[in-house]
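K.L.:
Pasting a predicted model and its sequence here:
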Amino acid sequence: MKTHTLSVLVENQAGVLARVSSLFSRRGYNIEALSVGPTQNSEISRITISVNVEGHALDQVIQQLDKLVNVIDIIELPASTSHQVELILVRVAVANGASDQKKIDAVLEKHGAHVVESTATSLTIQQTAKPAEIEALISELTPFGIMELTQSGVVAMGRTITS
Amino acid sequence: MAEEMTGAQSLIRSLENAGVDVMFGIPGGAILPAYDPIYDSKIRHILVRHEQGAGHAATGYAQATGRVGTCIATSGPGATNLVTPIADAQMDSVPMVAITGQVPSSAIGTDAFQEADIRGITMPITKHNYLVTRAVDIPRAIAEAYHIAASGRPGTVLVDVAKDALQEKVNYEWPKNIDLPGYRDHSQPVPQSIRDAAALIAQSVRPVLYVGGGVIKANAHKELRALAELVGAPVVTTLMARGAFPDSHQLHVGMPGMHGSVAAVTSLQKADLLITLGARFDDRVTGKLSTFAPGAKVIHADIDPAEIGKNRHADVPVIGDVRLTMAQLLPAVKAEFAKSQPDLTPWWKQVEGWRTTYPVGYDVPSDGSLSPQYVIERLGKISDPDTIYTAGVGQHQMWASQFINYEKPRTWLNSGGLGTMGYAVPAAMGAKVGAPDTTVWAIDGDGCFQMTNQELVTCAINNIPIKVALINNESLGMVRQWQTLFYNQRYSNTDLHSKRVPDFAKLADAMGCIGLRCERPEDVDKTIEAAMAITDQPVVVDFNVFRDAMVWPMVAAGTSNDDIMIARELAPDWDSQEL
């Protein structure tokens, strides 16, 4: 199944996130990732939801979300016509000293990720990128030993120019 | 011009401005400030005996009148006692507003005395809800609550008000307009959808009008009758739609679903087109969904876009108020029929065959005991067609739907979606308050009655003379029926012994009502007439009925409507019919 990204504009009020997550749990829809944050308008927040549903079920998710009084608008953002970004912080072990350090540096350079903290035994790396690139980075760092990982949900925005 | 008052006064003023004329409730600590201005208000407050009764009464009032029902309770247990009627009303799209007191805002989240997060608890069972912690926000919350409850697909709205917001001083201002950017009006159908629906109707040779509760909510019974007579198709009315179309009308073929008539169930199964009007393809109607109406195209008219395609794909969705939809369909269908009108004669020949061969009926018990169906049938015959009936949930509910002829909308009130036992008595109380000049009969079972009968005290004290026909089979009859059919007659915990204890006539008497008892078929009419003659007090008639009576026809849960049984181990004889 394909992941769909929904950009949901909601009134910035207490309890709105609970309404959205309660709806997903009640109707049995699975949320893959979710991120909430402010928009340019202080009265409106944006919830970006990644869901793993198709066709008819996706339509139901959108229609049921739309029934929530605090939900102002819902836009589906296909990957091809939107900017989609995830953020990770990952701490990698540096077990074999300089030789590992060099290999990790190569990976980081390839992905354009950067180090935010460096110790004798670990590197803490930060990256913002498309979900697929984040996934690739993680898989390349895995052999070194991932000590800790934290990852945001997708934030997305439609493109101004779509070809 | 702003007027200074307390939040509590502003709450009651807001309710008055919202058009509330009656509310059902019980005071308590957190809501207490609001009860002081209630003392002076023109709103009639009826003090119930349990908050569940307040909720179902508000529902009964709303169902009978079409207006928004209102109930009010305190925080914590007062609020949680409203949970069942809130879920019940929301499931049946009943416009209701529940007002609850909440602990002071500074105490919220501290597990304070009588604190419950009722907004959180009711999120999945309301159309919308509010937690108000500032007096200044009260009028807007109330105005929005009544607007949301009544408009679009009606539903339940809860407004939880913190005690300090009720005590705070504020300048009262009723909002001039309602601004809900995320709340959309879907009442106007798209013209193209009307044209598409009319075109499908003009091509159909086996159409059925599948009518749901939305038609009653939309006050669309006149438009329904006009559309049905224009199309000339068989009409089925769901449990929530009984009375939307006259039962006596030639086009009416009964109720569909688990205990529907063979004609209604089978005409849906064999139809080539379902003209679905304010119905939602509930599992109790469709049976096993994948086998429901396999050859039918579907027109689905509903005001809730999320209902379209939820359970069954709609070939032509018509999103809109079903009254406007039908009003616009009428000329569109006429125009199509002017070009060509299908001949429904062969279809009616089939439907008529099912209707005459398999009418809904019952066996009279051979031991001379009282048949529950006979009691209900006689009640319907003796009462005038304006009579409002409420029912609990179970066998008596199905018989009340099957054996009473409903001729008018809002005369049959029951808990269809949630299936709430105990609905009948408090709902009848609310209906009687809303329609004081109409006879209101609660048809209840002995199981249901023992859940909520305390509201008869409320009725006796507040001069709300409802009548209760207690169909006493001394058991949880529907569950017992399933045990008979599916659990080898192992009657685990369904025997209530209620012909022995309690003595319902004495219980009624103790609650300030008249208690009557009837045990023999020959006494049924005169007992009903005796109950009808009492108009100044609630009456309870304990009908001691045959306990093994069963509800037929039946489509067993999870099976196909094609496997409908007309009696135990007896399916219709399809082979002898030309199908």
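P.N.:
Yep, it's here. Numbering: from 1, shown residues only, chains lettered A, B, ... in the order given.
K.L.:
okay, CA-based contacts and neighbour counts for the rest of this
P.N.:
Fine.
K.L.:
what domains does the record give for chain A?
P.N.:
A:3-76, A:83-158 (automatic domain parsing).
K.L.:
Now the helix ranked longest in chain A: buried residues?
P.N.:
Secondary structure of chain A per DSSP state H: the longest helix is helix A:97-111. In terms of neighbour count (16 or more other CA atoms under 10 Å in any protein chain shown), helix A:97-111 has its buried residues at A:101, A:104, A:108, A:111.
K.L.:
could I have the next helix or strand after it exported to CSV, CA atoms only?
P.N.:
As assigned by DSSP states H and E, the chain's next helix or strand after helix A:97-111 is strand A:114-118. The C-alpha trace of strand A:114-118 is given here as CSV (Å, rounded to 0.1, in the frame of the first residue of the first chain):
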residue,chain,number,x,y,z
HIS,A,114,25.8,17.2,9.3
VAL,A,115,27.2,16.4,12.7
VAL,A,116,25.7,18.3,15.7
GLU,A,117,27.8,16.6,18.4
SER,A,118,31.0,14.6,18.3
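K.L.:
partners of the helix or strand following strand A:114-118, with directions?
P.N.:
Toward the C-terminus, strand A:114-118 is succeeded by strand A:122-129 as the next helix or strand (DSSP H and E). Next to strand A:122-129 in the sheet, as set by DSSP bridges, lie strand A:82-93 (antiparallel), strand A:114-118 (antiparallel).
K.L.:
Apart from its chain neighbours, what residue comes closest to whatever residue of chain B ends up closest to chain A?
P.N.:
Per CA to the nearest CA, B:G182 is where chain B lies closest to chain A, at 3.9 Å. Excluding the flanking residues, the one nearest B:G182 by CA to CA, 6 or more residues apart in numbering or on different chains is A:I72, at 3.9 Å.
K.L.:
got it, and B:A150?
P.N.:
In space, B:A150 is closest to B:P95, 5.3 Å off (CA to CA, 6+ apart).
K.L.:
picking that back up, out of the buried residues of helix A:97-111, who's nearest chain B?
P.N.:
A:H111 (40.7 Å).
K.L.:
To which secondary structure element is B:V159 assigned?
P.N.:
Going by DSSP H and E, B:V159 is in strand B:156-162.
K.L.:
just checking, what packs against that strand?
P.N.:
helix B:83-91, strand B:96-102, helix B:118-122, strand B:128-132, helix B:138-150 (3 or more CA pairs under 8 Å, 6 or more residues apart in numbering or on different chains; DSSP states H and E).
K.L.:
Next secondary structure after it?
P.N.:
Next along from strand B:156-162, by DSSP H and E: helix B:163-167.
K.L.:
Report the separation between the residue in chain A that chain B sits nearest to and A:K110.
P.N.:
Closest residue of chain A to chain B, CA to the nearest CA: A:I72 (3.9 Å). Separation of A:I72 from A:K110 (CA to CA, to the nearest Å): 41 Å.
K.L.:
likewise B:S75?
P.N.:
For B:S75, the distance to A:K110 - CA to CA - is 60 Å.
K.L.:
Low-confidence ranges, chain A, go.
P.N.:
A:1, A:162-163 (pLDDT under 70).
K.L.:
residues in it within reach of chain B, list them.
P.N.:
A:10, A:19, A:22-23, A:26, A:56, A:60, A:63-64, A:66-73 (CA under 8 Å from any CA of the partner chain).
K.L.:
and of the strands paired with strand A:122-129, who's closest to B:G66?
P.N.:
Nearest to B:G66 among the strands paired with strand A:122-129 is strand A:82-93; the distance by CA to CA comes to 46.8 Å.
K.L.:
Spatially nearest residue to A:R26 (excluding sequence neighbours)?
P.N.:
B:P124 (7.1 Å).
K.L.:
what number of residues lie near the one you found?
P.N.:
By the criterion of other CA atoms under 10 Å in any protein chain shown, B:P124 has 18 neighbours.
K.L.:
what does B:H497 give?
P.N.:
Counted with other CA under 10 Å, B:H497 comes out at 13.
K.L.:
I figured it hits B:N472, correct?
P.N.:
No: counting by CA atoms under 8 Å, B:H497 stays clear of B:N472, with 9.8 Å between them.
K.L.:
returning to that earlier point: list buried members of the residues of chain A next to chain B by neighbour count.
P.N.:
A:10, A:19, A:23, A:60, A:63-64, A:66-73.
K.L.:
Among those, which are located in helices?
P.N.:
A:19, A:23, A:60, A:63-64, A:66-67.
K.L.:
Farthest-apart pair in these, please.
P.N.:
Every pair of those checked by CA to CA; the farthest is A:R19 and A:Q60, at 16.2 Å.
K.L.:
where do the helices sit along the stretch 301-450 of chain B?
P.N.:
In the stretch 301-450 of chain B, helices defined by DSSP state H, counting those that start in this stretch lie at B:322-339, B:345-357, B:372-382, B:395-403, B:424-434, B:446-452, listed in chain order.
K.L.:
Make TSV from the ones you listed and add distance to chain A and mean neighbour count to it.
P.N.:
Formatted as TSV, the helices of the stretch 301-450 of chain B follow (distance: least, CA to the nearest CA, whole Å; neighbours: other CA atoms under 10 Å in any protein chain shown):
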stretch	distance to chain A	mean neighbour count
helix B:322-339	18	19
helix B:345-357	33	16
helix B:372-382	38	20
helix B:395-403	28	25
helix B:424-434	28	31
helix B:446-452	28	21
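K.L.:
Put together a markdown table for the ones you listed, with mean pLDDT on each row.
P.N.:
Listed next are these as a markdown table, based on pLDDT from 0 to 100:
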| stretch | mean pLDDT |
| --- | --- |
| helix B:322-339 | 98 |
| helix B:345-357 | 97 |
| helix B:372-382 | 98 |
| helix B:395-403 | 98 |
| helix B:424-434 | 98 |
| helix B:446-452 | 98 |
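K.L.:
Make CSV out of these and add distance to A:G15.
P.N.:
As requested, those are arranged in CSV below (distance: least, CA to CA, whole Å):
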stretch, distance to A:G15
helix B:322-339, 33
helix B:345-357, 52
helix B:372-382, 48
helix B:395-403, 39
helix B:424-434, 32
helix B:446-452, 33
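K.L.:
neighbours around residue 123, how many?
P.N.:
You didn't pick a chain, so chain A it is. Neighbours of A:L123 (other CA under 10 Å): 21.
K.L.:
my bad, the chain I had in mind was chain B
P.N.:
B:M123, neighbours per other CA under 10 Å, totals 20.
K.L.:
need the residues of chain B near chain A, please.
P.N.:
Checking chain B against chain A by CA under 8 Å from any CA, the hits are B:123-124, B:127-128, B:180-183, B:305-306, B:309-310.
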